[in-house]
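**Q** Next input, structure requested:
(one chain, ligands or ions: 1)
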Amino acid sequence: METEKEHIYALLGRNISYSFSRTYFTEKFKRSGLKDHFYVNFDLPEISQLPAILDQYKGKLKGFNVTIPYKQDIFHFLDEVSPDAREIGAVNVVKILKNGNLKGFNTDSYGFENSIKPLLRSFHKKALILGTGGASKAVSFVLDKLGMEYLYVSRRSNQGSGSITYKDLSAEVLNDYPVIINATPVGTFPDIEKTPDIPYNLLTSRHLLYDLIYNPSMTSFLKQGKSRGATIKNGLKMLEFQAEKAWEIWNS
Ligand SMILES: NC(=O)c1ccc[n+]([C@@H]2O[C@H](COP(=O)([O-])OP(=O)(O)OC[C@H]3O[C@@H](n4cnc5c(N)ncnc54)[C@H](OP(=O)(O)O)[C@@H]3O)[C@@H](O)[C@H]2O)c1
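**A** This is a model prediction of the structure:
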């Protein structure tokens, strides 16, 4: 039986029954003895259903994570947005403030920054970001902060001056940009054989391949890098860091 003392957190998204977040927070609450804390999924076909859900959980819901496809759409429902989330253009954490207002944050950038930083070497000054969606914007926000140069790599040729296409990935470009970040969903379970269309034969031990994907933990993209001696990293640490930052925000 639910009581007013319950603390409820949630993940808002679509088709999220196998989400990382619910398992992560449920185990965290159990480990920490937080018996009155619960984490549920708001698996909504349409985000227009959100106000009714928020009403249903009024007084108990402390905050929620936001995932695909609602990281941009959620802006319409927010009363306040943190400067970082505003600049990135995507919100993945919402806090319910004491007055009931909804404030949006982006903790993907925090997760990415803290997971890639320990791997960066002195010659890792330039990066290629594969994909131009919401996650790529959190990545470029961090690269700007770290003072790294970057180019987006898109399937489309109309993405502006900071962007090239997969066909432009020459030996010179690969040599010049030793950090390659996969911010596309290509290679995610169940399509685990798929890889972003880059010239893998040009990879060396100077390269750092970072995949935002965490399922599978070893994508074909990372496998290809590993076999050529590149440093590799999957998206699991990023996910854990962003979840811990969300927890900090909800409790501050
Ligand atoms: N580890 C974490 O904590 C974390 C956090 C956030 C996101 N992610 C992961 O990051 C990935 C990207 O997220 P997102 O929200 O930005 O996704 P998205 O908007 O669906 O896609 C990102 C971009 O990938 C490119 N793309 C999409 N489908 C493609 C295909 N079939 N072939 C080649 N390129 C394709 C597109 O760029 P172009 O059209 O310009 O080619 C698209 O804008 C997802 O796998 C997501 O799960 C992980």
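
**Q** Which residues of the stretch 151-252 of the chain lie near the ligand?
**A** Within reach of the ligand by C-beta under 6 Å from any ligand atom, the stretch 151-252 of the chain has these residues: 154-156, 183-186, 188, 212-214, 235, 238-239, 242. C-beta here means a position set from N, CA and C on the backbone, and glycine is covered the same way.

**Q** Just those: which are in strands?
**A** residue 154 (DSSP state E).

**Q** The residues of the stretch 151-252 of the chain next to the ligand in helices, which ones?
**A** Those of those mapping onto helices are 238-239, 242, per DSSP state H.

**Q** Start and end of stretch 178-192, how far apart?
**A** 24 Å (C-alpha to C-alpha, to the nearest Å).

**Q** Which residues belonging to that stretch are considered buried?
**A** For stretch 178-192, burial by neighbour count (16 or more other C-beta atoms under 10 Å) applies to 178-184, 186-188.

**Q** Next: stretch 41-57.
**A** Within stretch 41-57, the residues scored as buried using 16+ other C-beta under 10 Å are 41-42, 44, 47, 50, 54, 57.

**Q** next one: stretch 241-252
**A** If you call a residue buried by 16+ other C-beta under 10 Å, then stretch 241-252 has these buried ones: 241-247, 249-250.

**Q** Skip ahead from the helix or strand residue 55 falls within and say which helix or strand is next.
**A** With secondary structure defined by DSSP states H and E, residue 55 is part of helix 50-56. Sequence order places strand 61-66 as the next helix or strand after helix 50-56, per DSSP H and E.

**Q** Contacts for the helix holding residue 55 next, please.
**A** By C-beta atoms under 8 Å, 6 or more residues apart in numbering, the residues outside helix 50-56 that reach it are 12, 42, 44, 61, 77, 102.

**Q** Apply 7 Å and report the result again.
**A** 12, 42, 44, 61, 77 (C-beta atoms under 7 Å, 6 or more residues apart in numbering).

**Q** Helices - which of these land there?
**A** Using DSSP H, no member of the contacts of helix 50-56 falls in helices.

**Q** Farthest pair within those residues?
**A** The distance between the two most remote of the contacts of helix 50-56 (C-beta to C-beta) is 14.3 Å, for 44 and 61.

**Q** Among the buried residues of stretch 41-57, which one lies nearest to the ligand?
**A** residue 47 (15.0 Å; C-beta to the nearest ligand atom).

**Q** Tell me if I'm right that the closest one and residue 70 touch.
**A** Yes - if you go by C-beta atoms under 7 Å, residue 47 and residue 70 touch, sitting 5.1 Å apart.

**Q** Please enumerate the shared neighbours of the two.
**A** Counting by C-beta under 7 Å, 6+ apart, no residue touches both residue 47 and residue 70.

**Q** Same list, the buried residues of stretch 241-252, but as CSV with pLDDT please.
**A** Formatted as CSV, the buried residues of stretch 241-252 follow (pLDDT from 0 to 100):
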residue, pLDDT
241, 98
242, 97
243, 97
244, 98
245, 98
246, 98
247, 98
249, 98
250, 98
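
**Q** Among those, which one sits closest to residue 162?
**A** Nearest to residue 162 among the buried residues of stretch 241-252 is residue 242, at 24.7 Å by C-beta to C-beta.

**Q** what about residue 106, neighbour count?
**A** By other C-beta atoms under 10 Å, 28 other residues sit near residue 106.

**Q** And the pLDDT at it?
**A** Residue 106 carries a pLDDT value of 98.
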